[in-house]
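>>> 3D model of this:
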Amino acid sequence: MSAAQILIVDEEKHTRSTLGRYLKKEGFRVLEESHGLSALRRLLNRSFDLIVLDIELPGINGLELCHIIKSGSDTPVMFVTGRESEQDVIGGFQAGADDFVVKPFSPREVVCRISGILHRTSATAKRTHKATAVSPIALPRLGMDPSTRRVTADGARLELTVREFELLYYLAANFGKPLSRQQLIKSVWQYAFRNDSRTVDTHIKRLREKLNAASPGSGEIIQTVRGFGYGLIDS
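Down below sits the predicted model:
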């Protein structure tokens, strides 16, 4: 099996070289770009297994680039950026990002996250996922059908990203049970790190917004367990 190809798009040479060095040590093939438009031109001519983006890029910013990438493919995208406001994080996930890491970062942690994403999105993982019997879920206010990715709140349809669906399904499959943020990261994102509650919290916020937009008040089925995590309840 050939090594995964990763494109790092970041204006900072230090970030590119540091992360690239750690990725190459793990056997990945790495290419670098410092400009948003040059990265876009490269992406039009070849495919990659994963793309690492900064938000602040010359030519075209990372959020716009992520939108373009996700509109035409399911290539995983990870933001590694100095932008850390809640709006930046939400904007990244709304653009379709699979993960979001704030600078300064641990190269080993980023490599581990990338490995987890690639494992989850590999052809083997997809075949295993398709072969695994996963049952539809019918709760008082929520319906989910994994075979069609159909989700309804009080009968109203809502559209979720792949990660949002996986998170909501995991919560629904454990209906009534409090689940820690670390448990959710490990089970849904398939890696385990401390101090990563923001990723879970951001996705929960988006899920509540989408549920409430589909059916007012339905977002209340996701309960916050203060200082611990979340659980799905019968609101």
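
>>> now for the one helix or strand residue 87 maps to, which elements pack on it?
Using DSSP states H and E, residue 87 sits in helix 86-94. In terms of contacts (3 or more Cβ pairs under 8 Å, 6 or more residues apart in numbering; DSSP states H and E), helix 86-94 is packed against helix 62-72, strand 77-81, strand 99-102, helix 197-214. For the C-beta atoms, the positions are set from N, CA and C on the backbone; glycine is no exception.

>>> Nearest to residue 138, out of those?
For the helices and strands packed on helix 86-94, proximity to residue 138 was assessed by Cβ to Cβ; helix 197-214 is nearest, at 15.8 Å.

>>> Which stretch among the helices and strands packed on helix 86-94 approaches residue 142 most closely?
helix 197-214 (8.0 Å).

>>> For residue 73, see how far away residue 163 is.
Per Cβ to Cβ, to the nearest Å, residue 163 is found 16 Å from residue 73.

>>> Looking at these two, which one has more neighbours?
The neighbour count for residue 163 versus residue 73, taken as other Cβ atoms under 10 Å, is higher for residue 163 (19 against 13).

>>> and that one, what does it touch?
Counting by Cβ atoms under 8 Å, 6 or more residues apart in numbering, residue 163 makes contact with 93, 98, 188-189, 203.

>>> Check the residues you listed against residue 8 and report the nearest one.
Out of those, the member with the shortest distance to residue 8 (by Cβ to Cβ) is residue 98, at 15.1 Å.

>>> List the contacts of the nearest residue to the closest one once chain neighbours are set aside.
Counting by Cβ to Cβ, 6 or more residues apart in numbering, residue 98 lies nearest to residue 76, which is 4.5 Å off, once chain neighbours are set aside. Shown in contact with residue 76 (Cβ under 8 Å, 6+ apart): 49-51, 98, 117-118, 121.
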